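# Using only what follows, build the 3D model:
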Amino acid sequence: MPDDVILFDVRDGLAHLTLNRPERLNAVDPAAIDRWRELAHEIAGRDDIGAVLFDAAGRAFCAGGDVVAMSELAAAADGEPGGRGDGAADGAARVIRELADRIHEGHRVLRESTKPIVAAVQGPVAGGGLGFLLVADVIVASERATFASRYSDVGLTPDCGVSTLLPEAVGVRRALELTLTSRTLSAAEALDWGLVAEVVAPGALEARARAIAEGWLAGATHAFGQAKRLVHAGRGRAFQDSLDDEAATIAAAFVTPDAQAGISRFAAGSTRR
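Numbering: from 1, shown residues only. Model prediction:
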């Protein structure tokens, strides 16, 4: 598969992931979907990656799925360009389901990984792009960024985890407002809603997002990754299961070199007070 639809490199523990279809507002086509899934597994499985910086090329962050490319693929699978007839409709639905499942696999793997992700959002986000965005754990937006659902504009329903990730970020009522209307949020409104963590000037975006990622790498990287995992896992299970996981995880973290060094610094500072 082409590897230029999503750029990827790893340097000094930092994985840099860049959506790279600027001519299509970084909407993902089948090639980008497969590349996304492939990279998600690679990031989750590599011990030399401690953090991820996620951004996009061009003026938009992500317009979701490339509806034109997906429609063409669905029509071709049925051998009927118009997609008319019950058989064609069934075939088209099957193709779209398969594409969605491949996207979702990448999202799940990244969310369940122990690699904290910071996203740098330079411009518009729409549709499934919200799901790609919300895979990140910390989101920094440019003042030029905007956020919209647009599903209702084309008669579609949320995908890419939006029906789960968006309410988690902004609450159910606001998630419904965004998905059931054509409302577009400014960067300032997204900050107020809790959709993003920070808003910065366009020229400061890359440096700020990179500083966050490098801060994770310079600190207790193992602890950051486990903290991410605990927070995400805790929402879908019994409280006692979370407590048991926390107990096991902090016990393992306590004996790591990072923790021992941090505890020693804390103890030394306490004795000087």
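
# Please name the residues that touch residue 65.
Contacts for residue 65 (C-beta atoms under 8 Å, 6 or more residues apart in numbering) come out as 27-28, 99, 103, 127-128, 159-160. C-betas here are computed from N, CA, C, even on glycine.

# nope, residue 221 is what I meant
Residue 221 neighbours (C-beta under 8 Å, 6+ apart): 13, 50-51, 258.

# how near is it to residue 233?
19 Å (C-beta to C-beta, to the nearest Å).

# now swap in residue 66 and tell me
From residue 66 to residue 233 the distance is 32 Å (C-beta to C-beta).

# more crowded one of the two?
Shown here are residue 66 and residue 233; by other C-beta atoms under 10 Å, residue 66 has more neighbours (23 against 14).

# from what I can see the more buried one touches residue 24, true?
Yes - using C-beta atoms under 8 Å, residue 66 is in contact with residue 24, at 5.7 Å.

# Can you tell me the centre-most residue of the chain?
Closest to where the C-alpha atoms of the chain average out (C-alpha atoms, centre = their mean) is residue 135, at 2.1 Å.

# And the helices in the stretch 101-250 of the chain?
129-134, 162-170, 172-180, 187-193, 205-218, 221-234, 239-254 (DSSP state H, counting those that start in this stretch).

# Determine which stretch of the ones you listed is the most buried.
For the helices of the stretch 101-250 of the chain, the largest average neighbour count (mean count of other C-beta atoms under 10 Å) is found in helix 129-134, namely a mean of 27.

# Quick one: residues in contact with that helix.
19, 26-28, 61-64, 103, 107, 119, 121, 125, 139, 147, 149, 158-162, 165-166, 168-169.

# So among the residues you listed, which ones count as buried?
Burial by neighbour count, judged by 16 or more other C-beta atoms under 10 Å, picks out 19, 26-28, 61-64, 103, 107, 119, 121, 125, 139, 147, 149, 158-162, 165-166, 169 from these.

# List the ones among those residues that fall in strands.
19, 119, 121, 125, 139, 147 (DSSP state E).

# which residues of the stretch 101-250 of the chain score low on pLDDT?
Residues of the stretch 101-250 of the chain meeting the criterion pLDDT under 70: none.

# So what pairs up with residue 141 in the strands?
residue 121, residue 199 (DSSP bridges).

# cool, residue 7 as well?
Here residue 7 sits in beta bridges with residue 18, as judged by DSSP bridges.

# So it is in contact with residue 18, correct?
Yes - contact criterion C-beta under 8 Å: residue 7 and residue 18 qualify, at 4.1 Å.

# what do the two both touch?
Residues touching both residue 7 and residue 18 by C-beta under 8 Å, 6+ apart: residue 57.

# quick one: residue 143 and residue 199 touch, right?
Yes - using C-beta under 8 Å, residue 143 makes contact with residue 199 at a distance of 5.9 Å.

# So these two - more neighbours on which side?
residue 199 (22 against 13).

# Now do residue 4 against residue 18, distance only.
Residue 4 is 10 Å from residue 18, by C-beta to C-beta.
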